[in-house]
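Student: show me how the following folds:
(one chain, ligands or ions: 1)
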Amino acid sequence: MKKIKTCLIGFCILTIGCHSRNQNTNTALGLKDYYKEFFTMGVAVSPRSLKDSSKFITEQHFRSVTAENIMKMGPIHPKEDSFSWRYADELIDFAKERNLKVRGHALCWHNQTPEWFFVDDEGKDVSREVLLSRLETHITEVVTRYKDDVYAWDVVNEAISDDENEFYRNSKFYQIIGEDFIPKAFEYARNADPEAILFYNDYSVVNPIKRKKIYELIRKMKTNGVPIDGIGIQAHWSIYQPTATIIQETIDQFENLNIDIQITELDVSVYENSPRREKREDEIDDFTDQMRKMQIEKYDTIFQVFRKNKDKISGVTFWNVSDKYSWLDNFPVKGRKNYPLLFDEKFQPKEAYYKVIFFN
Ligand code: GLA
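Tutor: You can find the predicted model right below:
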């Protein structure tokens with residue numbers, strides 16, 4: 001068995017090497033091939049990563065792409081009467097040329113919204129009617145433009161509160177419209193594209209208290225006939241959490257609702273969760289041996305659970321391509337290097353990668 005594994009690793013290194021020498025013949029096996037019988041493997045990309053070496057990883061290892069930022073409300077709809085399609089169009093072209101699916105992210109989110117969205121010419125909050133109409137226009141325009149190209153949308157992102165005593169996040173959408181901005185957003189999306197798979201997407205879904213609220217939100221929407229098709233579990237996890245049991249409990253709970261489940265933003269931080277702060281001058285942010293070992297184990301655990309649930313999970317998307325760049329380099333600690341992905345800063349597969357692909 002050990003011999004076979006060594007051979008396979010050798011083969012893999014060889015094929016990855018071949019691939020980088022001859023970039024037009026993309027015959028080397030990648031994550032997407034090892035997981036063909038399980039679920040679609042996806043990755044979040046940025047305009048920069050479509051141009052640098054990350055693009056070879058994307059081509060070789062993934063079958064689906066998500067825009068890390070460029071389809072969010074602010075970047076794509078900077079002014080009321082003008083959309084900025086350029087980068088999203090480039091992503092769609094990139095995906096089409098390589099036969100990749102595109103997950104749309106995100107139609108309605110409290111963050112990265114354009115400044116004009118909630119206020120009138122005098123800077124005062126708009127009425128509920130005006131905000132609903134802006135939301136409808138935004139969703140209709142974006143979804144219609146990419147109707148033939150985007151197969152699934154994160155329609156509403158992060159609308160549930162982290163506060164145990166509160167159900168909804170106290171966002172501008174919630175303050176001005178009330179809780180029905182959520183079902184309305186799904187209706188606008190469905191009207192614009194009856195074929196797209198529509199997701200509610202959030203973080204800390206494994207947290208039992210927050211999970212219960214998300215479950216309740218989706219259950220209520222389903223009962224009321226709101227067109228929601230799935231739950232997006234972001235999965236910004238770490239080498240310390242969550243356990244296999246908690247991941248399994250989460251999947252089982254949403255399976256109850258008979259909806260699609262996707263892991264939409266997977267990364268495994270090498271640090272414990274902490275409040276937001278700046279990196280301290282004397283702080284060392286090397287990828288230590290202990291972090292490396294714990295990360296291999298955590299990726300192994302996570303993918304064991306995912307594989308076991310292949311009939312319930314339809315997609316797993318990593319949040320960024322490689323450790324060269326991750327949003328976690330600046331969150332929650334600004335300027336502290338993180339190493340959360342399966343490919344290193346030089347775009348090479350890490351040991352955790354081999355753990356994820358050699359599961360037999
Ligand atoms: C959330 C959002 C993503 C992204 C990450 C950080 O998870 O859904 O779009 O902003 O935070 O990169």
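
Student: what are the ranges of the helices in the stretch 151-300 of the chain?
Tutor: Here the stretch 151-300 of the chain has its helices, by DSSP state H, counting those that start in this stretch, at 172-177, 181-192, 208-223, 244-255, 289-308.

Student: of all the ones you listed, which one is nearest residue 62?
Tutor: helix 289-308 (15.2 Å; Cβ to Cβ). Just so you know, the C-beta spots here come from the backbone N, C-alpha and C atoms, and that holds for glycine as well.

Student: one step back: need the helices of the stretch 151-300 of the chain in JSON lines with mean pLDDT, can you?
Tutor: As requested, the helices of the stretch 151-300 of the chain are exported to JSON lines (pLDDT from 0 to 100):
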{"stretch": "helix 172-177", "mean pLDDT": "98"}
{"stretch": "helix 181-192", "mean pLDDT": "98"}
{"stretch": "helix 208-223", "mean pLDDT": "98"}
{"stretch": "helix 244-255", "mean pLDDT": "98"}
{"stretch": "helix 289-308", "mean pLDDT": "98"}
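
Student: out of those, flag the one nearest the ligand.
Tutor: If you check each of the helices of the stretch 151-300 of the chain against the ligand by Cβ to the nearest ligand atom, helix 208-223 wins as the nearest, at 13.9 Å.

Student: quick one: work out the angle between that closest one and helix 181-192.
Tutor: 50 degrees (axes from the mean of the first three to the mean of the last three Cα atoms, to 10 degrees).

Student: give me the buried positions along stretch 54-68.
Tutor: For stretch 54-68, a neighbour-count test (16 or more other Cβ atoms under 10 Å) marks 54-68 as buried.

Student: average pLDDT across it?
Tutor: The predicted model assigns stretch 54-68 a mean pLDDT of 97.

Student: and if you look at stretch 36-51?
Tutor: Stretch 36-51 carries an average pLDDT of 97.

Student: please determine whether that stretch lies in contact with the ligand.
Tutor: No. In terms of Cβ under 6 Å from any ligand atom, no part of stretch 36-51 sits within range of the ligand; the closest distance is 7.7 Å.

Student: next one: that stretch to chain centre, how far?
Tutor: Here the centre of stretch 36-51 is set off from its chain's centre by 10 Å, with Cα atoms, centre = their mean, to the nearest Å.

Student: list the buried residues for it?
Tutor: 38, 39, 40, 41, 42, 43, 44, 45, 46, 47, 49, 50.

Student: just give me the closest of the residues you listed to the ligand.
Tutor: Ranked by distance to the ligand (Cβ to the nearest ligand atom), those are led by residue 44 at 7.7 Å.

Student: surely that closest one meets residue 71?
Tutor: No. With contact defined as Cβ atoms under 8 Å, residue 44 does not reach residue 71; the gap is 10.8 Å.

Student: shared neighbours, these two?
Tutor: residue 105 (Cβ atoms under 8 Å, 6 or more residues apart in numbering).

Student: sort out for me which of the buried residues of stretch 54-68 are in helices.
Tutor: Assigned to helices by DSSP state H, the following of the buried residues of stretch 54-68 qualify: 54, 55, 56, 57, 58, 59, 60, 61.

Student: alongside the ligand, which residues does the protein contribute?
Tutor: Within the chain, the residues that sit near the ligand (Cβ under 6 Å from any ligand atom) are 105, 157, 203, 234, 265, 327.

Student: try it again with 8 Å
Tutor: Contact residues, the chain versus the ligand (Cβ under 8 Å from any ligand atom): 44, 68-69, 72, 105-106, 109, 111-112, 154, 157-158, 201, 203, 234, 236, 264-265, 319-320, 327, 331.

Student: which of the residues you listed are buried? Put it as a PyMOL command.
Tutor: In PyMOL, a selection of the buried entries from the residues of the chain next to the ligand looks like this (16+ other Cβ under 10 Å):
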select buried, resi 44+68+69+72+105+106+109+154+157+158+201+203+234+236+264+265+319+320+327
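
Student: return the subset of the residues of the chain next to the ligand lying in strands.
Tutor: Using DSSP state E, the subset of the residues of the chain next to the ligand located in strands is 44, 105, 106, 109, 154, 157, 201, 236, 264, 265.

Student: separation between the last one and residue 172?
Tutor: I take that to be residue 265. 23 Å (Cβ to Cβ, to the nearest Å).

Student: in the stretch 251-360 of the chain, what residue comes closest to the ligand?
Tutor: residue 327 (3.5 Å).

Student: so what's that residue up against?
Tutor: 68, 319, 320.

Student: same deal with residue 33?
Tutor: Neighbours of residue 33 in contact, by Cβ under 8 Å, 6+ apart: none.

Student: does it sit in a helix, a strand or a coil?
Tutor: What DSSP: H, G, I helix; E, B strand; the rest coil gives for residue 33 is helix.

Student: quick one: contacts for residue 90?
Tutor: 47, 50.
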